[in-house]
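Asks: Sequence and predicted structure below; questions after.
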Amino acid sequence: MTPTTLLWLVTGCLMLQPLSTDLYLATLPGMAADFGVAAADVQHTLSLFVIGFGTAQLVSGPMSDRYGRRPVLIGGLTLYLLSSIACAVAPGLGWLVAARFAQAVGCCTGVVVARAIIRDAYTPSEGAHILAKASSMLSLAPLLGPVLGGYLQVAFGWRAAFVSLTLGGATVWIAALRWMRESNRQPNLDAMRLGHLARTYISVVKTPGFWAYALPGALSYASIFVFISGTPFVLIQLLGVAPENYGYLFALGVVGYLGGTLACRRLLHTIGIQGTLRLGTSIGLGAGLGFLFLVLAGVQHWSLVVVALFLVMTGHGINIPCTQSGSLAPFSDNAGAAAGLFGFVMMVVALLAGIWVSKTHDGTLIPLASISATVSIALFLSTRLLARFGKHH
């Protein structure tokens, strides 16, 4: 694979995740009405996706260490394609939730293998730069996804979102079949043996350099997942935003993510991975605390939510390339397993934040703002407290 082909393939794999979570956000209230269930019930389609995405990485990562990146990637993309079709034709909420879980397993395989491929091909600093470049390109997914989803909901109903995901999955699947070349030159024949797998994960867990980036990465993703899970109901139901306009407002926030990834690419050359991460988490802290302060001061307007989302997304765009690359740096032989554990930790923390948002939703902005502020404080502190363990990069 040429560097350009590799970049596009990795971007396509990584793009499936934000598309799978963001494209159908504007359809959630309509989905609840269609199935005749409460808002909390349809949020299971998001929470089960996160559970599937997080847990399956613990298997798909080591599988790519054992059997190679290419066959595992193509298998995962095949599952994503079939389960996306199942989502589109789901006769009931139970079917849809189960299909979303399967879709997440396929999606996570694409993401974890993409991260491992970068570790195979580049040094940590080069990998962070490549991931920042890929992140800039994949920001089109959360930028355009909610807008497209809103229009699809109004024109065709919620099933159209999953038809679109099927088409997106098919595109990446065809590209992988056509251009993917094996990057794991030395498959680990013991990688899938239970004893070896347990020792591998224990080794990763006991590596401080992993946590110096994995924990901030997880908290950074949680900071935006708070908004992903909370804004459809806050903006559409509480603040009266039309479903077809929700996507535009969410996209305005995502422009911050694009700006963050572009800034990250420049910052890495001047202040390094750790300096870049400190700046990104400082922006997130300011956003979370400012959001809470203004809500407590009585401000209740869609523009406040969008500005807070914009700043949190900016911080995340700076943080995530650094944390993805930095967390895998100590692991040349077990990059798949380390990438899987990184993704698992990220999803668990995000899921807890999402559940927290859904359980505390009370028809005001206070729960969303207070949770956003709490996560931003934890993110800021985790980077500072663990910084000494990541200094070898």
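Replies: Nice, I can see it.
Asks: contacts for stretch 292-304?
Replies: Here stretch 292-304 makes contact (Cβ atoms under 8 Å, 6 or more residues apart in numbering) with Leu235, Leu239, Val241, Leu249, Phe291, Thr364, Leu365, Ile366, Ala369, Ser370, Ser372, Ala373. C-beta coordinates here come from the backbone N, C-alpha and C atoms, glycine included.
Asks: For these, work out which two are farthest apart.
Replies: Farthest pair in the contacts of stretch 292-304 (Cβ to Cβ) is Val241 and Ala373. Separation: 22.6 Å.
Asks: Show me the shaky parts of the stretch 251-393 of the chain.
Replies: Applying pLDDT under 70 to the stretch 251-393 of the chain flags residues 390-393.
Asks: Same check on the stretch 51-200 of the chain?
Replies: Those would be 124, 183-184, 191, if you go by pLDDT under 70 across the stretch 51-200 of the chain.
Asks: Phi, psi for Gly363 please.
Replies: phi 90, psi 10 (degrees, to the nearest 10).
Asks: Quick check: Thr207 vs Ala338, distance?
Replies: 8 Å (Cβ to Cβ, to the nearest Å).
Asks: Which of the contacts of stretch 292-304 fall in helices?
Replies: Leu249, Phe291, Ile366, Ala369, Ser370, Ser372, Ala373 (DSSP state H).
Asks: Next one: the fifth one from Leu165, what distance?
Replies: This points to Ser370. Ser370 is 33 Å from Leu165, by Cβ to Cβ.
Asks: Tell me which of those two has more neighbours.
Replies: Leu165 (26 against 17; other Cβ atoms under 10 Å).
Asks: Disregarding residues adjacent in the polypeptide, which is nearest to that one?
Replies: Ser84 (4.6 Å; Cβ to Cβ, 6 or more residues apart in numbering).
Asks: ditto for Val295
Replies: That would be Ala369: by Cβ to Cβ, 6+ apart, it lies 4.0 Å from Val295.
Asks: From what I see, that neighbour and Phe291 are in contact.
Replies: Yes: counting by Cβ atoms under 8 Å, Ala369 does reach Phe291; the two are 4.8 Å apart.
Asks: Now list whatever residues contact both of those two.
Replies: Joint contacts of Ala369 and Phe291 (Cβ under 8 Å, 6+ apart) are Ala308.
Asks: The residue lying closest to Thr374 once chain neighbours are set aside: which element?
Replies: The spatially closest residue to Thr374, leaving aside those adjacent along the chain, is Gly288, at 7.6 Å (Cβ to Cβ, 6+ apart). Element membership for Gly288, per DSSP states H and E: helix 243-296.
Asks: Give the next helix or strand downstream of that helix.
Replies: Beyond helix 243-296 toward the C-terminal end (DSSP H and E), the next one is helix 302-328.
Asks: Going by neighbour count, which residues of that next one are buried?
Replies: Going by neighbour count (16 or more other Cβ atoms under 10 Å), the buried part of helix 302-328 is 302, 304-328.
Asks: From the chain's centre, how far out is it? Work that out for me.
Replies: 11 Å (Cα atoms, centre = their mean, to the nearest Å).
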